[in-house]
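Visitor: Model the structure of this input:
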Amino acid sequence: MPPRPVVLITGSSGFLGQAMAARLMRHYRVVGLDTVQPRKPLEGVETILVDLTSDDNVRGALGEIRRRFGTRLASVIHLAAYYDLSGEPDPKYQSVTVEGTRRLLRALQRGFDRVEQFAFASTMLVHAPTQPGRPINEDWPLEPKWAYPQSKVEAEQVVRAEHGSIPVVILRPAGVYDERCRSAFLAQQIARIFERQPTSYLFAGDPSRGQPSLHLDDLVDAVERVVNQRGNLPAEAVFLLGETETPSYKTLQRRIGELVHGESWPVVALPKPLVEAGAWVQEEVLAHDPFIRPWMVEIADDHYELDISRARTLLGWSPRRSLLATLPAMIAALKADPTDWYEDNKLNPSVVAAAEPELQEVVERQPPSDHPSVQAVDTVLAQEHGATLWAHLANIALGSWLLVGPFAYGLFDPVGPLPPPPAAGHELPPPELRNAWLAWSEMASGLAVIGLSCLALARARSWAPWAVALVGVWVLFAPLVFWTTSAAAYAVDTLIGTLVIVFAVMVPPQPGISREALASPADVPLGWSYSPSSYVQRVPIVALAFVGLFISRYLGAFQLGHIDGLWDPFFSGHGGGRNGTEAVVTSSVSKSFPIADAGLGAVTYILDILTGIVGDQRRWRTMPWLVLLFGLLIVPLGAVSVGFIIIQPTIIGALCTLCLVQAAITVLLIPYSVDEVFATAQYLWQSRRVGSPVWLTLIVSGPVLSEQRDPVQGLNMPIGRIAWEFLRGGVTYPWTLVGCTLIGVYLLCTRLLHGVEPSLYFSDHVAGCVAIVVAVTAWAEVARSVRLLNVPLGLWVAVSPFLLDGGTAIASVADLVAGLALAVLSLPRGTRSREHYGGWDQYIL
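Guide: Below is the predicted model of the structure:
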C-alpha cells in the first residue's frame, strides 16, 4: 500500500486547524505546524513547533518534516496569522502574517522537491463592502478597512510574488461558526442579549445591513475539495467561501431574542458619532477594555453578499448549512451549559456562573440528608464537641469570677465625693449606686453564664451557646451603661465579656450551621476565583481592628474618669487646659450619647474582632448572618468615625489626633472586608432563586452552590506571603485612586498649608474626608464604581473658592487644580486584576 500524501497545516492547534486536520487525516498524512501543542491532540497528527518570525526556526521545522515525512508535500494549508480586535496596527501583522508567509514559501521552495499546492487562508473582508442585492465575486475591488484584512491583502501579494512553481489557492471565507458559535462578533451579540445588557438593544448604523457566515463543516469541506482537486485547479486560484444568504443585524437580533428569552429583541439604531464617543470614553477615559471599539463603529454599516459561482464551478462546492438554521442549536448549547459556552467563545464564564441552568444543575447535585457525607458531619460534630468541652467549663469558671468579682474590686464599697465623668452629658446617680448596680449586674450575668454553659455542655448545637454569647455582650456594655468609677471593673468586664463570647461560639463546633452546609468543603463562591472568607483575608483586618480597640479603650477610660488626661502630640491649647483630643471626647457631641461614645467604639471594635475571627473559609455561605453583621459593624463604624472627623473643626472647633488615626483605621477596613459581604449577598440571592427561603438561609445556611476550594488554606505560610495574599485579595491600587486619596489628604490640610479660613476651609475639610473614604473604598474591585462619586465632589471643590469666603489667591488656584484632578482621576477604572466575582464582574465599571 503506497504511503498517504502528506498535508502540512500551519496554525494546526487552533480551532480551524484542528477541524481541518480531523477531516483530512482520513486520506492524508497530516502534519501540524504551530507555536504551541494542541490542548487535545488528534491521534495520528503530529505537531511540530515553529516560530514564523525566525528564518532559522522555519528552516529547522521544515527540515524536521523533510527528514521524517519526505521531500514531497501534497498541500500546505497556511492558516497561521496574527489577529486581534483592537483594530490598531501591530508589528505582528507584518512579522507573522506577511513576512511569516514569505519566509514559509521560500523555505518550502528550497527544502522540498515538490509542493503540489499552497492554500492560503485570507478573508472575505479584504473586499470593499457592497449594497444589499449586489453580491460580490472574487474580482470585486480590494478595500480592507482595518489592520487584520489589510495584513491579509499584503500576504496575498506575497503569495503571488513568491510562490514560484508552487500552485497557489487563496481562500476568502466569511466568518466561521459552528453549533457552539465560536464567532467573536456573534458570540458577543448573543451574550449581551443573554445577560440582558442595556447595550444589547443598541446598534451603531443601519441594522438592515449584514454579513454572510460560513459553517465550520462547510469550510472544512471546501478545503478538502481544494486539496483533493489540487491537480485540476489553475496555478493561481481565488475562491470566496460563504453562505449566499446574508441575514441582517436586525434579523439576527430578533431571532436570538426569541431563542434566548422567548421575545423579539428590538434594535435601536444610534448615530455613529454618539456610539464612537461612548466607545472612546469607555476605552480612553474609563480605561475599560470594551469589545466594541471605535473602528468597529465605523464599519457597522458595511454590507456583504457573496457570489460563490467560482467555487461551485471549479470545486463543486456550495454550503449545506445556514446560520439562521444553526442558531437554535447554538442557543440550546448556551442554555444547557452557559459557563462552558462562554469559555468556548473566550468570554468571561464568571458572569454566567449563577445562570439558571448552572444553578439547577448544582441543586440537583445536593446530597440528601441520609447521604453518607451528611451523616458523617454528625460524627465530626460529636467528636469536636467532646474535644472542646473545656470551653464551656472555662465559661463556667468565668461566670464564677463574675459572681465574686464585685467583692474583689470593691463595687459595694463607699466611693466618696467624685466629680462627674468628663463625658457625661446628663445627671448621673451617685457613684456608690452606679457601682452597686454594676455589681448586681455582674453577679446576675455570672449566674446566667454558669447556667447556660451547663446547658451547652449537654447540648452541642442548641441555642444555649448563643445565649451565653449575648450575656457576654451585655458584660461588655455594663460598665458603660452604669458609668462605673472602677477602672478594674471596666478592664475585667472587657476581658471576661470577650472571653465568654470566644468560648461560647468561636471554639468549634460553631452552633446553628446546617449539616448539609458543613458536609461540603467548597469555599469559593460561584464564579469567584478565590474565597473572600479566607484566613489571610481576615487576620490582617482583625489586627487593624485591635489597634482601633486600643485607641478607643484609652479614650473611653478618660471619658469615664478613670484617667486624668489624654495624649495629643499636635493639637493643644483649646481652652480649659485641655488639648484637642480631650476637647473632642468631652464635647457636646460626645456628651449627647447616653454612654461614653469612645467606650461604645471599643465594644464595636471587639465585636469586629470576634466576628472577623469566627467561622472558617466557608462562612460566607455557612454563616451568612455573621458576615453581614461583620460588614454592618465595619462600614457604619467607618462612616461614624469619618463623620466625627468632619464635625470636629466645623461644629466642635477642635481636632483630635487619636480620632484621626482611628478614622484612618476604620476606613482602611472597608475595602478589605466588602468583598465578603458581596459574596454573601450574592449567595443569599442565588439561594432564593433555587427556592431556599432567605431568612432560613441567612440563619442556618442553605444549598451548597459551589464545588471549588481556594488553594490558599489556613495561615501556614511565610508572613510575607500572608501579607501579599491579603493585599491582592479583591483589592487593587490604581495610581489614579491613590492620587485621589492624596488629594483628599491635601484638602484636609489647606488651612495649614494656605491659611484657608471658614467657610472655604469647612468645605475643603468635608470634601477631603469624603474623597478619602470614596477613593479607599473603591480600592476594592467589587466597589470600584463608587469612585465615580468623587467626580461631582471634585467639580464642587474646583468651583468652591469662587462661591465661598475664606480663601486666598493661591488657595483658590490650588483648589481649582485639586478639584479638577480629583474629578479626572476618578474616571478611569484602572487595570483589573485576574480575580473574578461571579455575575458582579459586569458591574465593575
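
Visitor: Quick check: the closest residue to residue 530 other than its chain neighbours vs residue 731, distance?
Guide: Leaving aside its chain neighbours, residue 530 sits nearest to residue 710 (5.3 Å; criterion: CB to CB, 6 or more residues apart in numbering). In this view, the C-beta of every residue, glycine as well, is placed from N, C-alpha and C. Residue 710 sits 16 Å away from residue 731 when distances are taken as CB to CB, to the nearest Å.

Visitor: any idea how far the nearest residue to residue 140 once chain neighbours are set aside lies from residue 136?
Guide: In space, residue 140 comes closest to residue 127 once its chain neighbours are excluded; the distance is 4.7 Å by CB to CB, 6+ apart. Relative to residue 136, residue 127 is positioned 5 Å away (CB to CB).

Visitor: Not counting sequence-adjacent ones, nearest residue to residue 513?
Guide: Ranked by CB to CB, 6+ apart and with sequence neighbours excluded, the top spatial neighbour of residue 513 is residue 622, at 4.9 Å.

Visitor: How many neighbouring residues does the one you found have?
Guide: 25 (other CB atoms under 10 Å).

Visitor: which other residues reach stretch 506-513?
Guide: With contacts defined as CB atoms under 8 Å, 6 or more residues apart in numbering, stretch 506-513 is touched by 380-381, 384-385, 388, 391, 460-463, 465-466, 505, 610, 613-615, 622-623, 699-701.

Visitor: For it, C-alpha coordinates in CSV please.
Guide: What follows is stretch 506-513, C-alpha atoms only, in CSV (Å, rounded to 0.1, in the frame of the first residue of the first chain):
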residue,chain,number,x,y,z
MET,A,506,-15.9,30.6,68.5
VAL,A,507,-14.5,27.3,69.6
PRO,A,508,-15.7,24.5,67.3
PRO,A,509,-18.3,23.3,66.7
GLN,A,510,-20.0,26.5,65.9
PRO,A,511,-23.7,26.2,66.6
GLY,A,512,-26.5,26.8,64.2
ILE,A,513,-25.0,25.7,60.9
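
Visitor: Report the mean confidence score over it.
Guide: For stretch 506-513, mean pLDDT rounds to 77.

Visitor: ok, now stretch 87-99?
Guide: When pLDDT is averaged over stretch 87-99, the result is 92.

Visitor: likewise stretch 556-567?
Guide: What stretch 556-567 shows for mean pLDDT is 91.

Visitor: what's the longest helix anywhere in the chain packed up against?
Guide: Among the segments of the chain that qualify as a helix by DSSP state H, the longest is helix 657-689. When contacts are defined as 3 or more CB pairs under 8 Å, 6 or more residues apart in numbering; DSSP states H and E, helix 657-689 sits against helix 356-364, helix 535-559, helix 580-585, helix 597-613, helix 619-622, helix 624-647, helix 694-700, helix 760-777.

Visitor: Could you give me the buried positions within that helix?
Guide: 657-660, 662-684, 686-687 (16 or more other CB atoms under 10 Å).

Visitor: again with stretch 259-273
Guide: Buried, per 16+ other CB under 10 Å, within stretch 259-273: 259, 260, 265, 267, 269, 270.

Visitor: swap in stretch 184-201?
Guide: Neighbour-count burial for stretch 184-201 flags 186, 187, 188, 189, 190, 191, 192, 193, 194, 195, 200, 201 (criterion: 16+ other CB under 10 Å).

Visitor: try stretch 57-73
Guide: Residues of stretch 57-73 classed as buried: 57, 58, 60, 61, 62, 65, 69, 73 (neighbour count, 16+ other CB under 10 Å).

Visitor: Do you know the pLDDT at the third one?
Guide: To tie it back to what came earlier, the one meant is residue 60. 94.

Visitor: now do residue 734
Guide: On pLDDT, residue 734 comes in at 91.

Visitor: which one is it nearest to, not counting chain neighbours?
Guide: residue 830 (2.8 Å).

Visitor: quick one on the thing from earlier: and the buried residues of stretch 184-201 as a markdown table, adding pLDDT?
Guide: Shown next, in a markdown table, are these (pLDDT from 0 to 100):
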| residue | pLDDT |
| --- | --- |
| 186 | 93 |
| 187 | 94 |
| 188 | 91 |
| 189 | 91 |
| 190 | 94 |
| 191 | 92 |
| 192 | 91 |
| 193 | 93 |
| 194 | 93 |
| 195 | 90 |
| 200 | 86 |
| 201 | 87 |
